[in-house]
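Student: Using only what follows, build the 3D model:
(chains A and B)
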Amino acid sequence: MLQLQYIRDNKEEVIARLSVKNIDAKSSIEKILEIDSDRRKVQNELDTLLNEANILAKQIGELMKAGKKAEAEDMKNRSGALKETAKKLEDTLKGHEDDLQKTLVLLPNIPYKLVPKGKTPEENETVFTHGEIPILPQTAQPHWDLITKYDLIDFELGVKITGAGFPVYKNRGARLQRALINFFLDRATAAGYMEIQPPILVNEASGFGTGQLPDKEGQMYHVGVDNLYLIPTAEVPITNLYRDVILKASQLPVKNCGYTPCFRREAGAWGAHVRGLNRLHQFDKVEIVQLAHPDNSYAILEEMREYVAGILKELELPFRILRLCGGDMSFASAMTYDLEVYSGAQKRWLEVSSVSNFESFQSNRLKLRFKEAEGKPQLAHTLNGSALALPRIVAALLENNQTENGIRIPKALVPYTGFEMIN
RNA sequence: GGAGAGAUGCCUGAGAGGCCGAAAGGAACAGUUUGCUAAACUGUCGUACGAGUCAAAUCGUACCGAGGGUUCGAAUCCCUCUCUCUCCGCCA
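Tutor: The predicted model follows:
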């Protein structure tokens, strides 16, 4: 949620920058400012009225003590009248506040100045590439065939016990999952991220805090009886750890990481390009989260991007980094880098990580603030990134590393898998 | 799932219709003292919104789990909800 004060002070700039996300915000912004000015007017009236009532109440108390009952009665009547007017004003104020909130919550975050204008993924900007695109022999197989060949994952069994998009990992496929999770967590903790094991069901307030609710509830699985949501990413529980918290400036940056399964309904997203591990309802991911001082959150974004790139290098996967254009960015993000690995047999780039700076957009909803030694609390910046999402990493590893003798495990991973080849 | 107790500031904890935005202690921060550490002493020590200002100072309003109600006046009385704790049952 954007800060009201910022919109008030920078109306034209906000409209101009939202247009980079292809949003015409002129009318909503004007509506917001109008409601806001009404709201302030009403609050002013109400405060004056309540002030009178408070003074009156004190005087009545004193008159009662002094035994001047008749005078007190007279004042009681006046107080009663004040109260009635106050009640009406309170309702009006509440109405304005609700309207304001409703409109404000629907405005997406303002893109950072480096974000290119654009509507489709084709307009994303490639800022970095690493590694050679592998040229595989004609006989090279896509990962879904390799998975069957080496009996690593059983999709049909998943359908049987749950449904499509819920794979069952087996044998060295299961072991590879565990290896990757441990590898990712070890790297993250070594880089100073404190490991968290959060709940994977969250309440409504948490869903709201990170921006999944009220707008995108369709993407989450909902447990109706207890009104809880299965998390689509560890970002939700981990960032919400700091909801309603005021940190000391000296505690920044806060660095957390966590492994969780992630659940996505992906309603309507099924179709082409989703075979095998490309898109799932349940998958594993290690997430990194940072809470940063606004002065250096973009330096931290770069640091996080470098960190994820480093892991991909260790895994010996060719990858590229995209700076997402306005139209491809998420609702809450101010700037996002996508990291994509090249999957040799599918001959496609697969998104394996998304690293974003949300600036104060989430923290405004979360009331996540920090305080300098002097001065008022201010909103912290939140950032997060996948480091990494497993399924597409597995897909690329299988496809790129296939040989006649089996699939080669990258060196960095061997201590975790305990085997060098899948064969 | 059954029975009972409770929810007050960063923490502990008083407060039981007006003198309470809230005692006291602790923590934290700043200063004094000190060769250093410790101790002692002094001070500061909630948040939001509004008014005000270049910015402050300052002023107003609200907030004692949440939402309603009673009253001229509510942390305090009443109702509803949520959560926590204890005991019993069940259980990885």
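Student: RNA strand B contacts on chain A?
Tutor: Chain A has residues A:5, A:36, A:40, A:43-44, A:46-48, A:50-51, A:53-58, A:60-61, A:64, A:76, A:79-80, A:83, A:246, A:369, A:371, A:373, A:376-377 near RNA strand B, with proximity defined as Cβ under 7 Å from any atom of the strand. C-beta: built from backbone N, CA, C; applies to glycine.
Student: Rounded mean pLDDT for the lengthiest helix in chain A, please.
Tutor: Longest helix in chain A, counting residues (DSSP state H): helix A:26-66. For helix A:26-66, the mean pLDDT works out to 90.
Student: in the stretch 1-150 of chain A, which spans are helices?
Tutor: For the stretch 1-150 of chain A, the helices defined by DSSP state H, counting those that start in this stretch occupy A:4-9, A:11-18, A:26-66, A:69-105, A:143-149.
Student: most packed of those helices?
Tutor: Comparing the helices of the stretch 1-150 of chain A by mean neighbour count (mean count of other Cβ atoms under 10 Å), helix A:143-149 comes out on top with a mean of 20.
Student: which is the next helix or strand following it?
Tutor: strand A:153-154 (DSSP states H and E).
Student: Mind giving me the packing neighbours of that following strand?
Tutor: Contacts defined by 3 or more Cβ pairs under 8 Å, 6 or more residues apart in numbering; DSSP states H and E place strand A:153-154 against strand A:168-169.
Student: rerun at 10 Å
Tutor: helix A:143-149, strand A:168-169, helix A:171-190, helix A:390-400 (3 or more Cβ pairs under 10 Å, 6 or more residues apart in numbering; DSSP states H and E).
Student: can you list these in TSV and add distance to A:Glu71 and mean pLDDT?
Tutor: Shown next, in TSV, are those (distance: least, Cβ to Cβ, whole Å; pLDDT from 0 to 100):
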stretch	distance to A:Glu71	mean pLDDT
helix A:143-149	88	93
strand A:168-169	82	96
helix A:171-190	72	96
helix A:390-400	78	94
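Student: Ramachandran angles for A:Glu287?
Tutor: A:Glu287 adopts backbone torsions of phi -110, psi 140, taken as degrees, to the nearest 10.
Student: show me what contacts it?
Tutor: By Cβ atoms under 10 Å, 6 or more residues apart in numbering, the contact set of A:Glu287 is A:184, A:188, A:193, A:196, A:198, A:231, A:233-239, A:256-260, A:262, A:353, A:384-389.
Student: Could you list which of the residues you listed belong to strands?
Tutor: Taking DSSP state E as the definition of strands, the contacts of A:Glu287 contribute A:256-260, A:262, A:353, A:384-389.
Student: Among the residues you listed, find me the one that's closest to RNA strand B.
Tutor: Lowest distance from RNA strand B to the ones in strands among the contacts of A:Glu287 (Cβ to the nearest atom of the strand) belongs to A:Thr260, with 17.5 Å.
Student: residues contacting the closest one?
Tutor: Residues near A:Thr260 by Cβ under 10 Å, 6+ apart: A:181, A:196-200, A:231, A:233-238, A:284-287.
Student: Show me just the buried residues among the residues you listed.
Tutor: Buried members of the contacts of A:Thr260, counted by 16 or more other Cβ atoms under 10 Å: A:181, A:196, A:198, A:200, A:231, A:233-238, A:284-287.
Student: Nearest to RNA strand B among those residues?
Tutor: If you rank those by distance to RNA strand B using Cβ to the nearest atom of the strand, A:Ile200 comes first, at 14.5 Å.
Student: so that closest one touches A:Lys285, yeah?
Tutor: No. Using Cβ atoms under 10 Å, A:Ile200 is not in contact with A:Lys285, being 11.1 Å away.
Student: what touches both of those two?
Tutor: Counting by Cβ under 10 Å, 6+ apart, the residues touching both A:Ile200 and A:Lys285 are A:Ile231, A:Ala234, A:Thr260, A:Pro261, A:Cys262.
Student: which of the residues you listed sit farthest apart?
Tutor: Spanning the widest gap among the shared contacts of A:Ile200 and A:Lys285 are A:Ala234 and A:Pro261, at 9.2 Å by Cβ to Cβ.
Student: list the residues that contact both of those two?
Tutor: Joint contacts of A:Ala234 and A:Pro261 (Cβ under 10 Å, 6+ apart) are A:Ile200, A:Lys285.
Student: How about the stretch 151-300 of chain A: which residue is closest to RNA strand B?
Tutor: A:Ile246 (6.3 Å).
Student: and of the shared contacts of A:Ile200 and A:Lys285, the nearest to A:Phe358?
Tutor: For the shared contacts of A:Ile200 and A:Lys285, the closest approach to A:Phe358 (Cβ to Cβ) belongs to A:Ala234, at 15.0 Å.
Student: Contacts only, for that closest one.
Tutor: Here A:Ala234 is in contact with A:196-198, A:200, A:256-262, A:285-289, A:384, A:386 (Cβ under 10 Å, 6+ apart).
Student: Could you do A:Glu266 as well?
Tutor: For A:Glu266, the contacting residues are A:Gly165, A:Gly218, A:Gln219, A:Pro232, A:Val274, A:Arg279, A:Leu280, A:His281, by Cβ under 10 Å, 6+ apart.
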